[in-house]
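Engineer: My questions are about this predicted structure, shown below with the sequence.
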Amino acid sequence: MSNRELFIAFWTILVKEIRRFTRIWAQTLLPPAITMTLYFIIFGNLIGSRIGQMGGFNYMEFIVPGLIMMSVITNSYGNVVSSFYSTKFQRHIEELLVSPPPNWIILAGYIIGGSVRGLLVGLIVTLLSLFFTDLYIHNFWVIVSVVFLTAILFSLGGFINAVFANSFDHISIIPTFVLTPLTYLGGVFYSITLLPEFWQHVSQINPILYMVNTFRYGILGVSDINIGVAYAMIIGVIVVLFSYSMYLLNTGKGIRQ
Amino acid sequence: MTTALSIKDLRKVYNNGFEALKGISFEVQEGDFFALLGPNGAGKSTTLGIVSSLVNKSSGQVEVFGYNLDTDASKAKCELGVVPQEFNFNMFEKVEDILITQAGYYGIPASEAKKRSEFYLRKLGLWDKRDGPSRSLSGGMKRRLMIARALMHEPRLLILDEPTAGVDIELRRSMWEFLREINAKGTTIILTTHYLEEAESLCRHIGIIDQGTIITNTSMRELLQQLNTETFILDISPAQTECPPLDGYQATLQGDHTLLVDVEKSQGLNQVFAQLSAQGVEVTSMRNKSNRLEELFVSLVDKTLGDNKKGGSDDE
Ligand SMILES: Nc1ncnc2c1ncn2[C@@H]1O[C@H](COP(=O)(O)OP(=O)(O)OP(=O)(O)O)[C@@H](O)[C@H]1O
Ligand SMILES: [Mg+2]
């Protein structure tokens, strides 16, 4: 296939993905908007006003970056895991398998599709947060790059989950039992400097901590961890997940007998 | 002549250890209309699945118009259109979008895809349904949509796995017409079917597969020549109590108005009529006992079944 044809194939998958989540917007875009508004009101306004300062900022300012990242993470992951699983389940994955695009184009289509949903929800949540607090921009490029990389990373995670899933139950196990706890413990709601030293060390093996803190650094200019280390780690994980996804696609795991 | 499909020593062992294909080889030439026949579970869909990249092979080689599926997958896939046995649409997607999306996967821009989808939807009688979701189509319509989808990139080789299963007679005939038409325009076609009448009417070459091995691969004409005798059913009057003697033919009376006569190729039918007239028996109508191909098919498959049983008992 020529480059132009490859691009059309990629674009077709991407558009199909975007059409899917916008068609069912009441299940995809609306719920995070409602949940996050509740978080802003309850944790930010009501409880936050009694907490006082966190990391040198008022509590609302502190949690907004974390909640934006939380939305990006769950929605990127959730989009790819449910879209690719239902593609498999309804067997229209076969439409792609018989077609000429190489596997990396297929993967790219799904991953960018999931990232678009993650970023769109992130944007919606950001706009909603403006009703409650001012948005600072400490370093624009850090904000954009880390949110984009995070969306890609979790889209890849969702893809791998979908490859292994054999039932609709399997697509909610990881989000419920792994992703949600890691996010809550990943410095969304508190600075890990509040923890005893031992738990600070434990927290540092949580990859989500790095993404949330880097993003918060981009907005507020404060972070519990080293930003350079965070980037290296995020990019490293993306490389590993991408290679593994390609391996799964090339061997036809879960999609070819 | 160009070879449209070449399969060499293809083997497939499924994950559960079942050996569905035991090393099959055959070729289909460009422009041919080829039938792949065999009983349920013979390995037809497995073979076509491997050719269409839906099933991983265990070993062997597949080439589509000279492009090896292992080393030149993209090019091979561009030459190939696939109509699978089971429906595999996104049930929520609009009929027209299914076609345009499929074309997009082949790198065809939306403007061109829209033109082609209109052409094929009209051609296959689905134009009225273009705005509905695919799950709102009837079974026969879904089959036609799968055919339209397989043609969007104008492949040189079209493979269809039981395209007329569950399609009513009238529609089946119009589908045959359509397939003949695209074959006449140069598309090579391979199909599987359980309607041997369909294979006989459409196909020029035939492969019969049974229990993962090819047992016959020949032209339809040669195959039919293997049939030496044919049984005719004659409706006769007046009613008979005993089978009228027919010199040189094997005949049996069935009820009092029906006569079954086995006729060898060399014999012809004139003598049957002559002898019956001489006895004052009138033939009111006549037909073939059943599809001749069907009988041959059953005898071929039974033979391998017998052979395999023998092989099995030797092992014990
Ligand atoms: N996914 C699978 N796992 C294990 N065995 C399988 C699988 N798919 C097919 N088989 C077995 O392989 C054999 C060949 O199946 P295949 O679908 O190729 O038959 P077929 O000739 O297309 O039959 P039909 O006319 O019923 O469609 C069968 O015995 C079937 O049970
Ligand atoms: Mg089959």
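Structural biologist: Cool, got the structure. Ligands and ions are numbered 1, 2, ... in the order given.
Engineer: Report the separation between residue A:204 and residue B:71.
Structural biologist: Separation of residue A:204 from residue B:71 (C-beta to C-beta, to the nearest Å): 46 Å. The C-beta positions use only the backbone N, C-alpha and C, and glycine is treated the same way.
Engineer: okay, these two: which has more neighbours?
Structural biologist: Per other C-beta atoms under 10 Å in any protein chain shown, whichever of residue A:204 and residue B:71 has more neighbours is residue A:204, with 14 against 9.
Engineer: if I look at the more buried one, how far off is residue B:249?
Structural biologist: 95 Å.
Engineer: same deal with residue A:241?
Structural biologist: Taken as C-beta to C-beta, the span from residue A:241 to residue B:249 is 77 Å.
Engineer: now residue A:21
Structural biologist: In terms of C-beta to C-beta, residue A:21 sits 73 Å off from residue B:249.
Engineer: and those two? which has more neighbours close in?
Structural biologist: Neighbour totals were compared for residue A:21 and residue B:249, and residue A:21 leads with 22 against 16 (other C-beta under 10 Å).
Engineer: Quick one: residues contacting that one.
Structural biologist: A:28, A:29, A:79, A:83, A:113, A:117 (C-beta atoms under 8 Å, 6 or more residues apart in numbering or on different chains).
Engineer: Now do the first one: how many residues are near it, please.
Structural biologist: Okay, so that is residue A:28. 19.
Engineer: Just confirm it contacts residue A:76, I think it does.
Structural biologist: No: using C-beta atoms under 8 Å, residue A:28 is not in contact with residue A:76, being 11.5 Å away.
Engineer: and for those two, which residues touch both?
Structural biologist: Common neighbours of residue A:28 and residue A:76 (C-beta under 8 Å, 6+ apart) are residue A:117.
Engineer: In terms of helices and strands, where is residue B:99?
Structural biologist: For residue B:99, the host element (DSSP states H and E) is helix B:95-105.
Engineer: and the next element down the chain from that helix?
Structural biologist: helix B:110-123.
Engineer: Name the residues of that following helix that are buried.
Structural biologist: B:110, B:113, B:116, B:117, B:120, B:121, B:123 (16 or more other C-beta atoms under 10 Å in any protein chain shown).
Engineer: Tell me the first helix or strand C-terminal of the helix ranked longest in chain A.
Structural biologist: Once chain A is assigned using DSSP state H, the helix that runs over the most residues is helix A:59-89. Scanning forward in sequence from helix A:59-89 by DSSP H and E, the next helix or strand is helix A:93-97.
Engineer: Is that following helix in proximity to ligand 1?
Structural biologist: No: Helix A:93-97 does not reach ligand 1 (C-beta under 6 Å from any ligand atom); its nearest approach is 13.6 Å.
Engineer: Quick one: list the elements packing against that helix.
Structural biologist: helix A:59-89, helix B:95-105 (3 or more C-beta pairs under 8 Å, 6 or more residues apart in numbering or on different chains; DSSP states H and E).
Engineer: contacts for the last one?
Structural biologist: Spelled out, that is helix B:95-105. Taking C-beta under 8 Å, 6+ apart as the rule, helix B:95-105 contacts A:8-9, A:11-13, A:16, A:95-96, A:99-101, B:89-90, B:93, B:110, B:112-114, B:116-117, B:120-121, B:126, B:129-134, B:137, B:145, B:148-149, B:152-153.
Engineer: relative orientation of it and helix B:110-123 in degrees?
Structural biologist: 130 degrees (axes from the mean of the first three to the mean of the last three C-alpha atoms, to 10 degrees).
Engineer: which strands and helices sit next to the helix or strand encompassing residue B:61?
Structural biologist: In the assignment (DSSP H and E), residue B:61 maps to strand B:59-64. When contacts are defined as 3+ C-beta pairs under 8 Å, 6+ apart, strand B:59-64 sits against strand B:3-13, helix B:44-51, helix B:73-78.
Engineer: What strands flank the next helix or strand after the first one, and is each parallel or antiparallel?
Structural biologist: Downstream of strand B:3-13, the next assigned helix or strand under DSSP H and E is strand B:19-29. Each strand that pairs with strand B:19-29, with its direction, by DSSP bridges: strand B:3-13 (antiparallel).
Engineer: the helices in the chain, which residues?
Structural biologist: The chain I'm using is chain A. A:3-23, A:25-28, A:30-39, A:48-51, A:59-89, A:93-97, A:103-129, A:140-164, A:170-174, A:180-184, A:197-203, A:207-220, A:227-251.
Engineer: actually chain B
Structural biologist: For chain B, helices defined by DSSP H occupy the ranges B:44-51, B:73-78, B:95-105, B:110-123, B:139-151, B:169-184, B:196-202, B:220-225, B:270-278, B:292-315.
Engineer: So which of those helices is nearest residue A:185?
Structural biologist: Nearest to residue A:185, of all the helices of chain B, is helix B:95-105, at 40.9 Å by C-beta to C-beta.
Engineer: Can you check what angle separates the closest one from helix A:103-129?
Structural biologist: Between helix B:95-105 and helix A:103-129, the angle comes out at 120 degrees (the same axes, to 10 degrees).
Engineer: ok, back up a step: tell me the mean pLDDT for the longest helix of chain A?
Structural biologist: Averaged across helix A:59-89, the pLDDT comes to 93.
Engineer: For residue 6, give me its contacts.
Structural biologist: I'll assume chain A. Counting by C-beta under 8 Å, 6+ apart, residue A:6 has contacts A:101, A:102, A:105, B:107.
Engineer: I was thinking of chain B, sorry if that wasn't clear
Structural biologist: Here residue B:6 is in contact with B:27, B:28, B:61, B:62, B:63 (C-beta under 8 Å, 6+ apart).
Engineer: Tell me the one among those residues nearest to residue B:255.
Structural biologist: residue B:28 (45.9 Å).
Engineer: How about the closest residue to chain B within chain A, nearest residue that isn't a chain neighbour?
Structural biologist: Closest contact between chain A and chain B, by C-beta to the nearest C-beta, is at residue A:5 (2.5 Å). Leaving aside its chain neighbours, residue A:5 sits nearest to residue B:107 (2.5 Å; criterion: C-beta to C-beta, 6 or more residues apart in numbering or on different chains).
Engineer: What is the burial count for that neighbour?
Structural biologist: Residue B:107, neighbours per other C-beta under 10 Å, totals 23.
Engineer: can you count the residues close to residue A:50?
Structural biologist: 7.
Engineer: what about it, distance to residue A:191?
Structural biologist: In terms of C-beta to C-beta, residue A:50 sits 17 Å off from residue A:191.
Engineer: What of residue B:283?
Structural biologist: Where residue A:191 is concerned, residue B:283 sits at a distance of 101 Å (C-beta to C-beta).
Engineer: same thing with residue B:107?
Structural biologist: Relative to residue A:191, and taking C-beta to C-beta, residue B:107 is found at 51 Å.
Engineer: who in the stretch 151-300 of chain B is up against ligand 1?
Structural biologist: Within the stretch 151-300 of chain B, no position is adjacent to ligand 1 by C-beta under 6 Å from any ligand atom.
Engineer: Where does the prediction get shaky in the stretch 151-300 of chain B?
Structural biologist: B:227-228, B:290-293, B:295 (pLDDT under 70).
Engineer: give me the number of residues near residue B:39?
Structural biologist: 15.
Engineer: thinking it is in contact with residue B:210, fair?
Structural biologist: Yes: between residue B:39 and residue B:210 there is a contact under C-beta under 8 Å: 6.4 Å.
Engineer: what is in contact with these two at once?
Structural biologist: residue B:301.
Engineer: sorry, back to before: want to throw the helices of chain A into a markdown table with distance to residue B:48?
Structural biologist: Formatted as a markdown table, the helices of chain A follow (distance: least, C-beta to C-beta, whole Å):
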| stretch | distance to residue B:48 |
| --- | --- |
| helix A:3-23 | 23 |
| helix A:25-28 | 37 |
| helix A:30-39 | 43 |
| helix A:48-51 | 63 |
| helix A:59-89 | 20 |
| helix A:93-97 | 12 |
| helix A:103-129 | 22 |
| helix A:140-164 | 24 |
| helix A:170-174 | 30 |
| helix A:180-184 | 44 |
| helix A:197-203 | 54 |
| helix A:207-220 | 44 |
| helix A:227-251 | 21 |
